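Novice: pasting a predicted model and its sequence here:
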Amino acid sequence: MNASAPALTPTTRALAWCLHLLVVGLLVLVAARAVTDGRSHAGPIVAVAVVCGLVYAAGPVLPRVRLVRRVAAAWL
């Protein structure tokens, strides 16, 4: 098992940032649509979107997710 991740090139770094921004944008869109449409269950939708965002953000920060393929698969 490779203990260190390969260095990102500028292109892969830009693609990774675009992916992160896309996920955050979609979660914000879901939460905003639930609130602005006046849905009766907007609170749980916003809560689930926040939890998904926090889990998504925690993945790259945790070293085991970056280093152990099995842990990364569970995170995904």
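Specialist: Yes, it's here. For clarity, every value in this text was computed on a predicted model and none was experimentally measured. Residues are numbered from 1 along each chain as shown.
Novice: surely residue 66 and residue 8 touch.
Specialist: No: between residue 66 and residue 8 there is no contact under CB atoms under 8 Å: 11.9 Å. Yep, even glycine has a C-beta here, placed from its N, CA and C like the rest.
Novice: more neighbours: which of those two?
Specialist: Comparing residue 66 with residue 8 by other CB atoms under 10 Å, the one with more neighbours is residue 66, at 14 against 11.
Novice: packing partners of the helix or strand hosting that one?
Specialist: Using DSSP states H and E, the element containing residue 66 is helix 63-67. Packing partners of helix 63-67 (3 or more CB pairs under 8 Å, 6 or more residues apart in numbering; DSSP states H and E): helix 42-61, helix 69-75.
Novice: could you export the longest one as CSV, CA atoms only?
Specialist: Extracted C-alpha coordinates of helix 42-61, given in CSV (Å, rounded to 0.1, in the frame of the first residue of the first chain):
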residue,chain,number,x,y,z
ALA,A,42,-37.8,21.8,4.9
GLY,A,43,-36.1,21.5,8.3
PRO,A,44,-35.1,17.9,7.9
ILE,A,45,-33.9,18.5,4.3
VAL,A,46,-31.7,21.3,5.4
ALA,A,47,-30.4,19.2,8.3
VAL,A,48,-29.5,16.3,6.0
ALA,A,49,-27.8,18.7,3.6
VAL,A,50,-25.7,20.1,6.4
VAL,A,51,-24.8,16.6,7.7
CYS,A,52,-23.8,15.5,4.2
GLY,A,53,-21.7,18.6,3.8
LEU,A,54,-19.9,18.0,7.1
VAL,A,55,-19.2,14.4,6.2
TYR,A,56,-18.0,15.4,2.8
ALA,A,57,-15.7,18.0,4.3
ALA,A,58,-14.4,15.7,7.0
GLY,A,59,-13.2,13.1,4.4
PRO,A,60,-10.2,14.8,3.1
VAL,A,61,-9.2,16.1,6.5
